[in-house]
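In: Predicted model follows, preceded by the sequence.
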Amino acid sequence: MLELNAVQSGYGETQVLYGVSLAAQKGRVMAILGRNGAGKSTTLKTIMGLLPLKSGEIVFDGKPIAAQPFDIAKSGIAYVPETRDIFPSLSVRENLELAAKRFGGGAADLTMERVLDLFPRLGERMDNGGTQLSGGEQQMLAIARGLLMNPKLLILDEPTEGLAPIIVKLIHDKLQDLKAEGLSMIIVEQNFGFATSLADDVVVVDKGQIVWTGSADEIKADEEAQHTWLGV
Ligand SMILES: Nc1ncnc2c1ncn2[C@@H]1O[C@H](COP(=O)(O)OP(=O)(O)O)[C@@H](O)[C@H]1O
Ligand SMILES: [Mg+2]
């Protein structure tokens, strides 16, 4: 469904990705793992058209991906950045309504009702402003906004970062439900247990290149790979 072939990109003169190749399949969850600074977020930003592709290609649904972030989103990819990027001056309701354009044509039927059923906490916070939310509520809102686009592919950058264990578990369980409904996902995570329990497929990035590819079960069993590439 999403293929990167020898992707090179970076920030201005600073090259960060030196030929990233991966293939995320429809109906499956891929985890992108790797140490801090390895190039995981840069990979996601390049997919989303937020950084220019220096060379290589990105193919989504059999076609070269669009050039502009809006067109990439419109083609069915929802991206939840590490920074969550909710609108602090808008209420939860307004944040959700802005996202509810539903142009993705994805696998799951992700209506406002369904999203509030997944995250009832947001329903209780509808009239609160973005700044009045806890970190966990902000992450739920960021994910809910992505889902309301009814994407074919949901991309999450470190969804559990800074969250309490109980919220991490809640988010894990909701993503598991969405996976069971057939939603394709790419998840970047530092939390190895979280990532490998959700993912089918795993790639590891180091210094801007893919250094390990396999299944979640394989990396769970491969202590050497964990030690070498992740410092687990
Ligand atoms: N805005 C930026 N400008 C220049 N370099 C950056 C920028 N953001 C990240 N980098 C560099 O790119 C490399 C990869 O970063 P990143 O993709 O964010 O890593 P991570 O795997 O932790 O998500 C790091 O060396 C980082 O310093
Ligand atoms: Mg990152």
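Out: Yes, it's here. Ligands and ions are numbered 1, 2, ... in the order given.
In: what sits against the residue in the chain positioned nearest to ligand 2?
Out: The chain approaches ligand 2 most closely through S41 (3.2 Å), counting by Cβ to the ion. Backbone N, C-alpha and C define where each C-beta goes, glycine included. Counting by Cβ atoms under 8 Å, 6 or more residues apart in numbering, S41 touches 81-82, 157-158, 188.
In: Adding pLDDT and neighbour count, write the residues you listed out as JSON lines.
Out: Compiled in JSON lines, the contacts of S41 are given as follows (pLDDT from 0 to 100; neighbours: other Cβ atoms under 10 Å):
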{"residue": "P81", "pLDDT": "95", "neighbour count": "17"}
{"residue": "E82", "pLDDT": "91", "neighbour count": "17"}
{"residue": "D157", "pLDDT": "98", "neighbour count": "23"}
{"residue": "E158", "pLDDT": "97", "neighbour count": "23"}
{"residue": "V188", "pLDDT": "98", "neighbour count": "23"}
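In: quick revisit: what secondary structure does the residue of the chain closest to ligand 2 sit in?
Out: Three-state assignment for S41 (DSSP: H, G, I helix; E, B strand; the rest coil): helix.
In: Tell me the helices and strands packed up against the helix or strand where L156 lies.
Out: Assessed by DSSP states H and E, L156 sits inside strand 153-157. For strand 153-157, the packing partners by 3 or more Cβ pairs under 8 Å, 6 or more residues apart in numbering; DSSP states H and E come out as helix 40-47, strand 77-80, helix 135-148, strand 184-188.
In: how far is stretch 164-181 from where the chain is centred?
Out: Using Cα atoms, centre = their mean, to the nearest Å, the mean C-alpha position of stretch 164-181 is found 13 Å from that of the whole chain.
In: Give the buried residues for it.
Out: For stretch 164-181, a neighbour-count test (16 or more other Cβ atoms under 10 Å) marks 167-168, 170-172, 174-175, 178-179 as buried.
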